[in-house]
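1. Compute the structure for the input listed below.
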Amino acid sequence: MHFYELHEGDDELYSDVLLAREEEMPADDFFDLVQGVRRQVQGHHEEDTLIEAIAVELERNHAFVFISDERITAAVNVSVEEDDNFLIATDDEFSALGLSNADYRGAFADYVDEDGGSANG
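-> Presented below is the predicted three-dimensional model:
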């Protein structure tokens, strides 16, 4: 199994997705394929981000597996502190809390521009 990654954003805030493929693809060929798919889906995709749209297309037509959040079976929080090690809620637990139907994603961050001012004032 060979793994590939797509990044979207800048040095400070970005998203990424992982892909897997049985057969290895040279990095230059992967780049060229991604660029072609990007041109094809850019501006008219249903996914939340461009990289997710590319990943969906790579899975649909190019023998990749898009390792999306929906495919995660288990997640574990790991820490050097014993009490901070735990199994993160499963999909069933999130559903019971009514959280699985959220149709948005959010990330909160404090942004300070080059002059030291914040984006909010």
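2. average pLDDT across the host helix or strand of residue 20?
-> Per DSSP states H and E, residue 20 falls inside strand 14-21. Per-residue pLDDT over strand 14-21 has a mean of 88.
3. Adjacent strands (with direction) for it?
-> Under the criterion DSSP bridges, strand 14-21 sits next to strand 2-9 (antiparallel), strand 64-67 (antiparallel) in its sheet.
4. Point out the most buried one among those.
-> strand 64-67 (a mean of 19; mean count of other C-beta atoms under 10 Å). For every residue, glycine as well, the C-beta is placed using N, CA and C.
5. Which residues outside that strand are in contact with it?
-> Residues outside strand 64-67 that contact it (C-beta atoms under 8 Å, 6 or more residues apart in numbering) are 4, 17, 18, 19, 20, 21, 52, 55, 56, 58, 59.
6. Now do it, average pLDDT.
-> 93.
7. Can I get it in PDB? Just the C-alpha atoms.
-> Extracted in PDB, the C-alpha atoms of strand 64-67 (Å, rounded to 0.1, in the frame of the first residue of the first chain):
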ATOM      1  CA  PHE A  64      -7.100   5.500  -5.000                       C
ATOM      2  CA  VAL A  65      -8.800   5.200  -1.600                       C
ATOM      3  CA  PHE A  66      -9.700   8.500   0.000                       C
ATOM      4  CA  ILE A  67      -9.200   8.100   3.700                       C
END
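8. Okay, angle between the helix or strand harbouring residue 51 and strand 14-21 too, please.
-> Per DSSP H and E, residue 51 falls inside helix 50-61. Interaxial angle of helix 50-61 relative to strand 14-21 (axes from the mean of the first three to the mean of the last three C-alpha atoms, to 10 degrees): 10 degrees.
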